[in-house]
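Participant: Using only what follows, build the 3D model:
(chains A and B)
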Protein chains: 2
Amino acid sequence: MRRLLSLLGAVLLLASCQSLSSRVGSTPPPEGQPIFLGEKHSLRSAILEEERGFQLYLPPGYAESSERYPVLYLLDGDAHFHHATGVVQFLAGNSHIPPMIVVGVPNTKRTRDLTPPPHGDTVMPGDTSARSIAQSLPTAGGADRFLRFLEEELAPHIEAHYRTRPYRVLVGHSFGGLFAIHALMNRPQSFNAYIAISPSLWWNNGELVAGAVKSLERLPEQERFLYMSMGEEGEEMLKPIQRLAATLEEARPARLVWRYAFLPNDHHASTPHRTLYDGLEAAFEDLRLAQWEARTGELAQVETRYAQLSKRLGFELQPPEELINVMGYSLLQRGKVEAALTAFRRNVERHGDSANVHDSLGEALEAAGQLEEALESYRRALALGIQANKVHPAYQQHVERVMSKLSVQASGDGAP
Amino acid sequence: MRRLLSLLGAVLLLASCQSLSSRVGSTPPPEGQPIFLGEKHSLRSAILEEERGFQLYLPPGYAESSERYPVLYLLDGDAHFHHATGVVQFLAGNSHIPPMIVVGVPNTKRTRDLTPPPHGDTVMPGDTSARSIAQSLPTAGGADRFLRFLEEELAPHIEAHYRTRPYRVLVGHSFGGLFAIHALMNRPQSFNAYIAISPSLWWNNGELVAGAVKSLERLPEQERFLYMSMGEEGEEMLKPIQRLAATLEEARPARLVWRYAFLPNDHHASTPHRTLYDGLEAAFEDLRLAQWEARTGELAQVETRYAQLSKRLGFELQPPEELINVMGYSLLQRGKVEAALTAFRRNVERHGDSANVHDSLGEALEAAGQLEEALESYRRALALGIQANKVHPAYQQHVERVMSKLSVQASGDGAP
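Facilitator: Numbering: from 1, shown residues only, chains lettered A, B, ... in the order given. Below is the predicted model:
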């Protein structure tokens, strides 16, 4: 049997990856202490009339925080959960994207769920039998029902049980990429960002491409984001996505930000990882750019960028404590002591419970020659550190250093 | 306190990532069925005189197979284990790299373990105090002892307890990148491939770069591989690696394959993921190229490529069953029935227990008009499928299809 129906159809390859990854996922390691990646859950779908499992990844620190997080819905969950959550962990660790919850959606009947109803005479690329897709894929056509499951059952379930932001990302590959673009064009309110990896846009002779301009006429008020990619996958895959990119380039639908990437060194099955990394980084590009500004600019610039992005995304994102801290030290290094004080003071305002923000402010105050105020900040850092049982040796050293500077000053004042 | 000492020193950033990821790793999920990523283990190091923990990732199917695997040793394990194992899972799933064991090595005293003994007047980039590294990093200098730990204690422990190939990859970032290049230049027999991400080659005024040609004069018989990367990280980081690349370009050390990638959109902390992906793909580039050949060439070409790569790597790699299967169908589609039969027959020789290889051979035999032989193959597939409790509906359909073709032939023969 041809497991990989064709370079373009790659449906069953995913099925074979699944069996491997789920086997690993469910067998406890034979010895040693387990390292957890996430959890498997399930819910009964009235719409699909079946039990649906899902995989759940919660960002580091979820249990200890009261934060809320955007949610990434990942189609073909079994094949992609491990490496996709790795991308999210890494990019969020760099503040290139916000920390996110990932919900992997494994398949039951993949072709049924991910394809719009087939019609016309489309033949699957690589199928030499010349049968139409309605004949060769008799279960196809359930995309709208599956989208209702995601929108009306799965997402509400996640949002009821976990601390989420009103921002949903949909990621799909191959038929899943087709599904993502189908969702954007037919139910653009269902997700905020769509990452369509090697989408099978040849479906129904490219009807999604032909109808794109009309479909995208009335997008919701809040900006939508679309990232599409294609590897070296043959003309039947390449032409429709090129046509879609050209159409979007010309029509410039309002409130749609989109990108298209061609990956010349990738084949159909190898596009997902790079696309997911680049697509997520692009969806939150301002966060990556803020990393540079923190090293070259001042606080107002970074805060303005975060505010603009928050407005576009529809939820509030704040520059993280670590970013402002980096910025403060960068400003100090550039000799901009007043600007550094402004940055560190913002961290004290916003993260007053963190010992380190007080210690950092102390360093800027010390650099500004405000030794009494510096001592107060250092002491506050030390006290909070003791309270949280996380005392860095530097905190104590800083207190002692400023105390001795002050005593030198005092003795200098006393003796001519 | 400046957690991130500088864009270039990024030592403590990793420490803070660690605390997050280890917290997640050790807290069992509150509900649902756990999904495992790996295991934590430890061993007593006589060389370092301390207990050393390590993280272990075994490839999908490890428990059920008797295969042996190359091993990737990952420095700063706590920060990188999740996303790095994700890269390995994804690339191995695409046969762009062999399936690998990953051993994450978390830090105890990071600066001590990853740096060669400091000498001279080098100042850490971004350190405005003008203290030499010997003064500012008083614990530095233990790289050789740590390398002995990896080579004489950790790797032998892994090789004694798990099914390994004699092929070791070392991956390090920042000081870890410095360490990887130090290891290649001083103990090139310790690892086969070295991925040095944003290496701190400014250490000791760039002495590793200055001594590169001499150090690389006598590499072991088996080829070594080096992949180095650098983001937009300032002149002090960029200049030494550019000099090293220029030196290698000119000196062309025998038996060293190397690449250098500049990542203009990345800063010091964001280089690891892309570098790991591209570096691993480059280390086994022939496997990626074989994916293309399977779709355009014939069996001999792919087998020759695998044989050449096996010779270079020093261990035997065979084209996987799935790749040959894809190739067979691609040949059938291109009308090369004899070449397809050759490919499918090789799979039957090598994977005779797999039901699918017999079913695939049956399809080629059927296409060649050898219906009796096709029926025999299909029946074998069905029998093996039943035996393994994995019967694909296609197996039965194929048997029936050929039987009816044969009966038409028979009746055709009987009645004029």
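Participant: How confident was the prediction at the closest residue to residue A:316 other than its chain neighbours?
Facilitator: Excluding its sequence neighbours, the residue lying closest to residue A:316 (Cβ to Cβ, 6 or more residues apart in numbering or on different chains) is residue A:310, at 4.9 Å. C-beta: built from backbone N, CA, C; applies to glycine. Residue A:310 carries a pLDDT score of 95 in this model.
Participant: Distance check, residue A:310 against residue A:287.
Facilitator: For residue A:310, the distance to residue A:287 (Cβ to Cβ, to the nearest Å) stands at 11 Å.
Participant: now do residue A:112
Facilitator: Distance of residue A:112 to residue A:287, computed by Cβ to Cβ: 37 Å.
Participant: Neighbour count: those two, which is higher?
Facilitator: The neighbour comparison of residue A:112 against residue A:287 (other Cβ atoms under 10 Å in any protein chain shown) goes to residue A:287, with 23 against 18.
Participant: Briefly note if the helix or strand harbouring that one comes near chain B.
Facilitator: Element membership of residue A:287, judged by DSSP states H and E, is helix A:285-296. Yes - counting by Cβ under 8 Å from any Cβ of the partner chain, chain B has neighbours in helix A:285-296: A:288, A:291, A:292, A:295.
Participant: Neighbour count and distance to residue A:327 for the residues you listed - can I get that in a markdown table?
Facilitator: A markdown table is the format used below for the residues of helix A:285-296 next to chain B (neighbours: other Cβ atoms under 10 Å in any protein chain shown; distance: Cβ to Cβ, whole Å):
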| residue | neighbour count | distance to residue A:327 |
| --- | --- | --- |
| A:288 | 19 | 15 |
| A:291 | 20 | 10 |
| A:292 | 13 | 11 |
| A:295 | 20 | 7 |
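Participant: Check which residues of the biggest strand by length in chain A are buried.
Facilitator: With DSSP state E setting the assignment, residue counts place strand A:33-45 as the longest strand in chain A. Neighbour counts over strand A:33-45 (16 or more other Cβ atoms under 10 Å in any protein chain shown) mark A:34, A:35, A:36, A:37, A:38, A:39, A:40, A:41, A:45 as buried.
Participant: Could you check how many residues crowd around residue A:194?
Facilitator: A count of neighbours around residue A:194, defined by other Cβ under 10 Å, yields 30.
Participant: so is it in a helix, a strand, or just coil?
Facilitator: Here residue A:194 is recorded as strand under DSSP: H, G, I helix; E, B strand; the rest coil.
Participant: Contacts only, for it.
Facilitator: Applying Cβ atoms under 8 Å, 6 or more residues apart in numbering or on different chains, we find residue A:194 in contact with A:169, A:170, A:180, A:181, A:183, A:184, A:224, A:225, A:226, A:227.
Participant: Highest neighbour count among these?
Facilitator: Greatest neighbour count in the contacts of residue A:194, by other Cβ under 10 Å, goes to residue A:180: 28 neighbours.
Participant: didn't the residue nearest to residue A:316 look like it was pressed against residue A:303?
Facilitator: No - judged on Cβ atoms under 8 Å, residue A:310 makes no contact with residue A:303 at a distance of 10.3 Å.
Participant: The two: who's more crowded?
Facilitator: For residue A:310 versus residue A:303, neighbours defined as other Cβ under 10 Å are more numerous around residue A:303 (17 against 14).
Participant: Thought residue A:319 was touching the more buried one, still the case?
Facilitator: Yes - counting by Cβ under 8 Å, residue A:319 is a contact partner of residue A:303 at 6.4 Å.
Participant: where does the stretch 1-150 of chain A dip in pLDDT?
Facilitator: Low-confidence segments of the stretch 1-150 of chain A (pLDDT under 70): A:1-30.
Participant: What segments of it are strands?
Facilitator: If DSSP state E, counting those that start in this stretch is used as the criterion, the strands of the stretch 1-150 of chain A fall at A:33-45, A:50-57, A:69-75, A:101-105.
Participant: right, and those strands - which one's nearest chain B?
Facilitator: strand A:33-45 (3.3 Å; Cβ to the nearest Cβ).
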